[in-house]
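Asker: fold the following.
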Amino acid sequence: MRDSGVHVRSASAVFLWALLSFAVPCHALSIVAGPYLQNPSETSMTVMWITDARCTSWVEYGTTDPLDQRAFHREHGLIDADRTMHRVRIEGLSAGQRYQYRVCSREILKFEPYKVTYGETIQGEVHRFRTLSRQQQSIAFIVLNDIHQRTDILTSLMKQSASKPYDLVFLNGDILGHIEDEPQVINHVLKPCTDLFAQEIPFLYVRGNHEARGRYARMLPDYLATPHGRYYYSFAHGPVHFLVMDGGEDKEDTSPEYSGLVDFDRYRDEQQAWLAKEIRTEAHQTAPFRVVLVHIPPMPSERWHGPDDLYNKWRPLFNQGKVDLMISGHTHRYAVMAPEEGIRDYPMVIGGGPKEGQATVIRVEATRDTLRVVMTRDDGQVVGTYQVEAD
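Answerer: Numbers count the residues shown, from 1 in each chain. Prediction:
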């Protein structure tokens, strides 16, 4: 019997060892992208992040420790839940004020009609941001374009820009190529931007023509926050009134590449009507400077329909609205173009392309009196400057 007892205990030990050896490890909830800042204004800021499991989420924030205020997203009386993409807009803020925040997510293990089973809760690190302010006397912003998923180039250009502070980053189109899935958006935009700056400096996405391509292109807005959910809008910060435009595609809508699934001519008409009203607003007319960001430069083309359409529909309104500066990309050839009589009444700065020796970062500094542009190549060489004086 004693031998039998020893045998039973040994078998139990072996079974327990086998169970532990082959057991599936417990899942640890984590943030796979973010938090990153979007859609800044004088009184609000949007915080976004992605978790690797379905959760309900919120943001804790305040001007000082402890973070004693909480914001969450609700729609039609329902608080967001059972999702991996989290978007929380913090409202009721003060202009030009610094805030601290951290994101929180609580895993939902089982969602039943009358009972929700929760898992663990995670908290992110504490980060900071500052709201916009039209009263701010000077601002600086960064513009990148045509990275085409070269994350190494994006990283290099942003690190090159880190020596001086900046308020905003504009991703001025074709940061991605044609968009096929979520990992592409995460790996080539959200994660690198989060790691480099976007936890504390918001980025504003200006859609390029390549980002209108691919089966996942229609999902890109899910990862961004913009005023009214559109790719075209205006906002003000410091002495600058910004106009962000979406040029759409560069070829005709009937081009076989689009398989009958685009309608950009009428989309540009829609923006033309909006722009005609926008340039008559007090915010636009009284701003010391007016800056346009659009991926495709509106200029005559003997080959491409998109630039011609932009040139014919929008350029007269840009002239009428006394635009002080336009920043574009698309051509992969960096250039600084002064105003040209009969063509455009404003200077145009065009960023470079995705290859070493072509990639550029554009830094703009604005005071109440001066708008100064410096374009630097990825090797550190300044390849263009321009300065505009206030009227």
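Asker: least confident secondary structure element in this protein?
Answerer: Counting by mean pLDDT, DSSP states H and E, the chain has its least confident helix or strand at helix 2-22, which shows a mean of 39.
Asker: so which elements touch the following helix or strand past it?
Answerer: Counting by DSSP states H and E, the next helix or strand C-terminal to helix 2-22 is strand 31-38. On a contact count with 3 or more Cβ pairs under 8 Å, 6 or more residues apart in numbering; DSSP states H and E, strand 31-38 meets strand 45-62, strand 98-112, strand 203-205. Using the backbone N, CA and C atoms, a C-beta is placed for each residue, glycine as well.
Asker: try it again with 10 Å
Answerer: Packing contacts for strand 31-38, counted by 3 or more Cβ pairs under 10 Å, 6 or more residues apart in numbering; DSSP states H and E, involve strand 45-62, strand 83-90, strand 98-112, strand 127-130, helix 182-185, helix 191-193, strand 203-205.
Asker: partners of the next helix or strand after the last one in the sheet?
Answerer: On the C-terminal side of strand 203-205, the closest following helix or strand by DSSP H and E is strand 233-237. Partner strands and pairing direction for strand 233-237 (DSSP bridges) are strand 240-244 (antiparallel).
Asker: so what secondary structure elements neighbour the helix or strand where V383 lies?
Answerer: Assessed by DSSP H and E, V383 sits inside strand 382-389. Strand 382-389 sits against strand 289-293, strand 335-337, strand 348-350, strand 360-366, strand 370-377, with contacts defined as 3+ Cβ pairs under 10 Å, 6+ apart.
Asker: quick one, which of the helices and strands packed on strand 31-38 gets closest to L293.
Answerer: Nearest to L293 among those is strand 203-205 (7.9 Å), distances taken as Cβ to Cβ.
Asker: buried ones in the closest one?
Answerer: F203, L204, Y205 (16 or more other Cβ atoms under 10 Å).
Asker: and that strand, average pLDDT?
Answerer: Averaging pLDDT along strand 203-205 yields 98.
Asker: that one - contacts with which helices or strands?
Answerer: Looks like strand 203-205 contacts strand 31-38, strand 139-144, strand 168-171, strand 240-244 (3+ Cβ pairs under 10 Å, 6+ apart).
Asker: JSON lines please, covering the helices and strands packed on strand 382-389 and showing mean neighbour count, mean pLDDT and distance to K251.
Answerer: Conversion of these to JSON lines gives the following (neighbours: other Cβ atoms under 10 Å; pLDDT from 0 to 100; distance: least, Cβ to Cβ, whole Å):
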{"stretch": "strand 289-293", "mean neighbour count": "23", "mean pLDDT": "98", "distance to K251": "22"}
{"stretch": "strand 335-337", "mean neighbour count": "16", "mean pLDDT": "98", "distance to K251": "22"}
{"stretch": "strand 348-350", "mean neighbour count": "24", "mean pLDDT": "98", "distance to K251": "20"}
{"stretch": "strand 360-366", "mean neighbour count": "23", "mean pLDDT": "98", "distance to K251": "25"}
{"stretch": "strand 370-377", "mean neighbour count": "19", "mean pLDDT": "98", "distance to K251": "28"}
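Asker: figure out which of those is closest to G214.
Answerer: strand 289-293 (22.6 Å).
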